[in-house]
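[1] only the shape, not the letters, is given here:
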């Protein structure tokens, strides 16, 4: 496998989906590639956590 450059659906920036990450996804049985860059994934997770704290 080779590194892939993907585009984040939230911010539109390019990010690298490394060969190692691809192997991890394959091992876990994930069919889809990530849609968000690391920063946007963290922001979305933080936003979700805030909703449950109320």
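    Structure's in. What do you need? These figures come from a predicted structure and were not determined experimentally.

[2] now stretch 16-31, how far from the centre of its chain.
    Mean C-alpha position of stretch 16-31 versus that of the full chain (CA atoms, centre = their mean, to the nearest Å) differs by 11 Å.

[3] which residues of the protein fall in strands?
    Along the chain, counting by DSSP state E, strands occupy 4-7, 14-17.

[4] quick check: bridge partners of residue 6?
    For residue 6, the beta-bridge partners are residue 15 (DSSP bridges).

[5] tell me the contacts of it?
    Residues in contact with residue 6 (CB atoms under 8 Å, 6 or more residues apart in numbering) are 14, 15, 16, 17, 33, 34, 35. (Each C-beta comes from the backbone N, C-alpha and C, glycine too.)

[6] hmm, try it at 10 Å
    By CB atoms under 10 Å, 6 or more residues apart in numbering, the contact list for residue 6 reads 13, 14, 15, 16, 17, 33, 34, 35, 36, 37.

[7] isn't the fifth one up against residue 36?
    No: with contacts counted by CB atoms under 10 Å, residue 17 stays clear of residue 36, the gap being 11.1 Å.

[8] any idea how far residue 22 lies from residue 30?
    Taking CB to CB, to the nearest Å as the measure, residue 22 falls 10 Å from residue 30.

[9] can you name the residues that contact the residue lying closest to residue 38 once chain neighbours are set aside?
    Excluding its sequence neighbours, the residue lying closest to residue 38 (CB to CB, 6 or more residues apart in numbering) is residue 15, at 6.8 Å. Counting by CB under 10 Å, 6+ apart, residue 15 touches 4, 5, 6, 7, 8, 34, 36, 37, 38, 39, 40, 41.

[10] narrow those residues to just the buried residues.
    Buried residues within these, counting neighbours by 16 or more other CB atoms under 10 Å: 8, 34, 36, 37, 40.

[11] I'd like to know which of those residues is nearest to residue 47.
    The nearest member of the buried ones among the contacts of residue 15 to residue 47, counting by CB to CB, is residue 40 at 10.3 Å.

[12] based on its surroundings, how many neighbours for the closest residue to the closest one other than its chain neighbours?
    Excluding the flanking residues, the one nearest residue 40 by CB to CB, 6+ apart is residue 10, at 4.2 Å. Residues lying near residue 10 (other CB atoms under 10 Å) number 13.
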